[in-house]
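K.L.:
Starting from these lines, generate the structure:
(one chain, ligands or ions: 1)
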Amino acid sequence: MKQRRGYGKEVLPKLQAYHVYKGHACGVGLSTRAMETTTMFAAPTDKCPVCFGNDLEPDFFLTLPTNQPGKWDRCRTCGLMFMNPRLLPDEMYKIYTKPEYWGAAYGNYFENEPLRLENSQSRLDLCAPYIPKSGRLLDLGCATGFFAAVASKNGFDVVGVDINPDMIEFGRRQYGIDLRAGRVEDCDFCPTSFDIVSMWGLDCHFFDFRATFEKIVGWLKPGGCLLFAYQDYGHWIRWFFPKIKQEPNVYYGLTRESFVRLMRQLGMQIVMQRTSVEVTQLNRIIANLKIGLRLPIIGQTKVRIITPSYLLVVARKEAPLN
Ligand SMILES: [Zn+2]
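P.N.:
Numbering: from 1, shown residues only. As a prediction, this is how the structure comes out:
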């Protein structure tokens, strides 16, 4: 496949490739079912999208909500796990906008808003020594805008973006801040116009994550900070709970190694990386471990836990050399 250049290394071809894949499938006379499948997926890749190595192995398989089989690979070099081939964005969008997604993933979402506000303040406090004290903050994947609301209360001028219009509507009414419904990939903010970009639930949801991360970093001023959280897919906890992070809506799972490489490629310097402390419900922890257990009453108990495989990061955009 033809490669384009960037960062002095090979960069994978962009998304047009899926048209080729689709055309090829039609050309060899596959069944209607197989043709439907190919139109739902991008072309598979034989290279890791972070380190560009080709030492890949199948990692896990799941049936997607679209009833198609999904496959995820793992890069033996940097540890990145990624869907291969990837479900196309329109198909993924159908998963996200189903009410069952929010219900299954988050229970009664709005009921837990006070918990999220409390956790947002803790996160902001943990990041505070490393970030600007005021300025413009963009919260991507903001859901109801709970983190943006907390940041606004702490003196930041905030904008929030989320794909789910119901969440945005709730947040606008609840907090009266600038929240916008849409996909991050479609946003068109001015370059170098934000002091901080925060992303708390978007560690695995970008179809073309390199292009999207480049765009996001472009919105930051030089010296501006990315606040980010991700689940370390290479963490030892997965020896005990191997299904953590294995979800149909996960395009990729970062490891420490792959995340450091990605940040370096984007000109971002990691200035803080630490485990997080969260207040959550017992059932939420159990759901993440995927051991098929649900506790009816005691499961609603609130607990404060250290989340060993969930990392909180502050990365600073390097200022250009004069
Ligand atoms: Zn890799």
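K.L.:
CA only for contacts and neighbour counts going forward, please
P.N.:
OK.
K.L.:
ranges for the helices of this protein?
P.N.:
17-27, 32-40, 89-96, 99-106, 113-127, 146-153, 165-175, 209-219, 237-240, 256-265, 282-289 (DSSP state H).
K.L.:
which of these has the lowest average pLDDT?
P.N.:
Among the helices of the chain, helix 17-27 has the lowest mean pLDDT, at a mean of 33.
K.L.:
domains of this structure?
P.N.:
9-87, 118-229+266-317 (automatic domain parsing).
K.L.:
mind putting the ones you listed in a markdown table, mean neighbour count included?
P.N.:
Below are these laid out as a markdown table (neighbours: other C-alpha atoms under 10 Å):
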| stretch | mean neighbour count |
| --- | --- |
| domain 9-87 | 17 |
| domain 118-229+266-317 | 18 |
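K.L.:
Can you flag the weakest of those domains by average pLDDT?
P.N.:
Among the domains of the chain, domain 9-87 scores lowest, at a mean of 73.
K.L.:
gap between the nearest residue to residue 192 once chain neighbours are set aside and residue 139?
P.N.:
Sequence neighbours aside, residue 221 is the residue nearest to residue 192 in space, at 4.1 Å (criterion: C-alpha to C-alpha, 6 or more residues apart in numbering). Remark: distance between residue 221 and residue 139 (C-alpha to C-alpha, to the nearest Å) = 15 Å.
K.L.:
Show me what stretch 247-259 is in contact with.
P.N.:
Here stretch 247-259 makes contact (C-alpha atoms under 8 Å, 6 or more residues apart in numbering) with 50-51, 62-65, 70, 78-83, 86, 92, 95-96, 203-207, 230-235, 245.
K.L.:
if I read this right, residue 231 contacts residue 310, doesn't it?
P.N.:
Yes. Taking C-alpha atoms under 8 Å as the definition, residue 231 is a contact partner of residue 310 at 4.4 Å.
K.L.:
how many other residues sit next to residue 240?
P.N.:
A count of nearby residues for residue 240, using other C-alpha atoms under 10 Å, gives 9.
K.L.:
got the contact list for it?
P.N.:
Counted by C-alpha under 8 Å, 6+ apart, residue 240 has zero contacts.
K.L.:
hang on, the earlier thing: so which of the contacts of stretch 247-259 are also by the ion?
P.N.:
51, 78 (C-alpha under 5 Å from the ion).
K.L.:
And the residue of the stretch 151-300 of the chain closest to the ion?
P.N.:
residue 258 (6.5 Å; C-alpha to the ion).
K.L.:
Burial check on that residue, number of neighbours?
P.N.:
There are 24 residues near residue 258, going by other C-alpha under 10 Å.
K.L.:
so how far is residue 53 from it?
P.N.:
Applying C-alpha to C-alpha to residue 258 and residue 53 gives a distance of 12 Å.
K.L.:
Equivalent analysis for residue 42, please.
P.N.:
Distance, residue 42 to residue 53, by C-alpha to C-alpha: 19 Å.
K.L.:
just residue 207 next, same as before
P.N.:
For residue 207, the distance to residue 53 - C-alpha to C-alpha - is 19 Å.
K.L.:
Equivalent analysis for residue 313, please.
P.N.:
25 Å.
K.L.:
Over to residue 118?
P.N.:
Counting by C-alpha to C-alpha, the gap from residue 118 to residue 53 is 41 Å.
K.L.:
now do residue 119
P.N.:
For residue 119 relative to residue 53 (C-alpha to C-alpha), the value is 37 Å.
K.L.:
what do you get for residue 184?
P.N.:
28 Å.
K.L.:
correct me, but residue 46 touches residue 73?
P.N.:
No. Between residue 46 and residue 73 there is no contact under C-alpha under 8 Å: 9.7 Å.
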